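Asks: What shape does this take:
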Amino acid sequence: MANNRNKTFRICFIGLMAAIVFVVNYLRIPFMLYDIVAGWGAECIITFINKGVIALVAGLIGYKAARKDVTTSADRTRIIAGSVLGALAYVALYMLKTFVFGQLVDGLTFDAVIAKMLTKLPGSLMNAVFAFIVAPILLGALKPALKKAGLYEKL
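Replies: So this is what the prediction gives:
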């Protein structure tokens, strides 16, 4: 019975976090559900896959370190490495999407697609740097609050 409670709790918690992301989207910070509410519903599947891959990359690297009560310098290195590689996965996947859409959907020449990718690269790198800086800070800020509320252990 306790296992079912944990699953239910996780589902509710994930739903709550998704709702927060959805609301924050209206603060002009584009997040995962932006494609749907902005009228680009067809691209939301690509966004969900991309964000899932980013989370998987960052999570596989930093999960064990982030779960510890006391983190060592090696754990902090794992968390930072997970953030960096997750951010780089974002840039790589966004560039891949730009390339595929440019070639297959827009019918652009190879040179035109490369030029389009180069115009999007600086903004993507800025987003990646922002994510790299903010992710460890959010972990540090949310972890104690979730522990104090007794929610961290249920996740």
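Asks: and stretch 134-151, average pLDDT?
Replies: Mean pLDDT, computed over stretch 134-151, is 79.
Asks: which residues sit against that stretch?
Replies: 13, 58, 66, 76, 79-80, 83, 86-87, 152-153, 155 (Cβ atoms under 8 Å, 6 or more residues apart in numbering). Where you see a C-beta, it was placed from the backbone N, CA and C, and this is true even at glycine.
Asks: Tell me which two of those sit farthest apart.
Replies: A87 and E153 (28.4 Å; Cβ to Cβ).
Asks: Those two: which has the busier surroundings?
Replies: Per other Cβ atoms under 10 Å, whichever of A87 and E153 has more neighbours is A87, with 24 against 8.
Asks: That one and L121, how far apart?
Replies: Distance, A87 to L121, using Cβ to Cβ, to the nearest Å: 13 Å.
Asks: now swap in M17 and tell me
Replies: Distance from M17 to L121, by Cβ to Cβ: 29 Å.
Asks: Same drill for these two, tell me which one is more crowded.
Replies: Per other Cβ under 10 Å, whichever of M17 and L121 has more neighbours is L121, with 14 against 11.
Asks: With adjacent residues omitted, what lies nearest to the more buried one?
Replies: M95 (6.9 Å; Cβ to Cβ, 6 or more residues apart in numbering).
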